[in-house]
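Q: could you work out the structure for the sequence below:
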Amino acid sequence: MQVCLASTSPARLMLMRQVGIEPQLASPGVDEDAAVAAREKALGRELSPAEHVQFLAKEKAKAVAVSLADDFSGLVIGGDSMFELDGRVYGKPHTPERAAERWRMMRGRTGILHSGHSVIRIDDGSLTRADATAEARVSFVADITDDEIDAYVATGEPLEVAGAFTVDSLGGAFIERVEGDPSTVVGMSLSTIRRLVRELGVEWTGLWSASS
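A: Model (predicted):
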């Protein structure tokens, strides 16, 4: 069975490979800000962090699945993540200044990484979908210095990741504790993806070494 990851995230690709799955990759091409704005306008309210990541995971998986439906048989996996601290959500900081500011705010504190997941099975052009959210509580060390923050930000690593941190690379030394599925913090919850895959009638072990 083929597997397509509706993402260009190196972290999500690494996770798939670590558990024995070699997916093909497809960029969803979703304008996330516009999609969320339209959804919130339709609802007449702001999306909660869990709703936000789940909505975007669905949109990404759907966009790729529709484009592949005519000549693809297998699973399309979409995901999205956001970090919440004190009720406020944070995506990718993009600039060194924002990344440094966030790290000074996060040190010694605990936030929540929200991750949305959407898996679509394509079978003879027919699409079926299973969705779920997951979260993990992330606690940061209290003794990280301003110099360490500046040095970490200078590597560029935190600029394009949700919440401005990683747990599986340079940022891992500054994270004291993770409560929940640790893969959630990397990019998506593998245990959640496995459950969704089984809901769609596919055995997880049957995906090992699956490729395009």
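
Q: identify the single longest helix in the protein, thanks.
A: As assigned by DSSP state H, the longest helix anywhere in the chain is helix 49-68.

Q: hey, which helix or strand in the chain has the poorest pLDDT?
A: Across the helices and strands of the chain, mean confidence by mean pLDDT, DSSP states H and E is lowest for strand 88-90: a mean of 86.

Q: and that one, which strands flank it?
A: strand 74-85 (antiparallel) (DSSP bridges).

Q: would you mind listing the buried residues in the strand it pairs with?
A: Within strand 74-85, the residues scored as buried using 16 or more other Cβ atoms under 10 Å are 74-85. Heads up, the C-betas are built off the backbone N, CA and C, glycines and all.

Q: and the closest residue to Ile193 other than its chain neighbours, what pLDDT?
A: Leaving aside its chain neighbours, Ile193 sits nearest to His117 (5.9 Å; criterion: Cβ to Cβ, 6 or more residues apart in numbering). For His117, the pLDDT comes out at 97.

Q: what's the burial count for His117?
A: His117 is flanked by 27 other residues according to other Cβ atoms under 10 Å.

Q: repeat that for Val64.
A: When neighbours are counted by other Cβ under 10 Å, Val64 comes out with 26.

Q: go on, Leu68?
A: Using other Cβ under 10 Å, Leu68 is surrounded by 20 other residues.

Q: mind checking how far it is from Ser139?
A: 40 Å (Cβ to Cβ, to the nearest Å).

Q: check Ser67 too.
A: 40 Å.

Q: how about Ala63?
A: 35 Å.

Q: and these two? which has more neighbours close in?
A: Ranked by neighbour count (other Cβ under 10 Å), Ala63 and Ser139 place Ala63 first, with 19 against 15.

Q: who's in contact with the more buried one?
A: 6, 28-30 (Cβ atoms under 8 Å, 6 or more residues apart in numbering).

Q: the most far-flung residue of the chain relative to its centre sits in which helix or strand?
A: Farthest-out residue of the chain from its mean C-alpha position, per Cα atoms, centre = their mean: Asp147, at 28.9 Å. Taking DSSP states H and E as the definition, one finds Asp147 inside helix 146-154.

Q: which stretches of this protein have low pLDDT?
A: Along the chain, segments meeting pLDDT under 70 span 210-212.

Q: rerun that using 80 as the cut-off
A: 209-212 (pLDDT under 80).

Q: ok, now how distant is the nearest residue to Ser7 once chain neighbours are set aside from Gln2?
A: Computed as Cβ to Cβ, 6+ apart, the closest residue to Ser7 that is not its neighbour in sequence is Gly79, at 6.3 Å. Counting by Cβ to Cβ, the gap from Gly79 to Gln2 is 18 Å.
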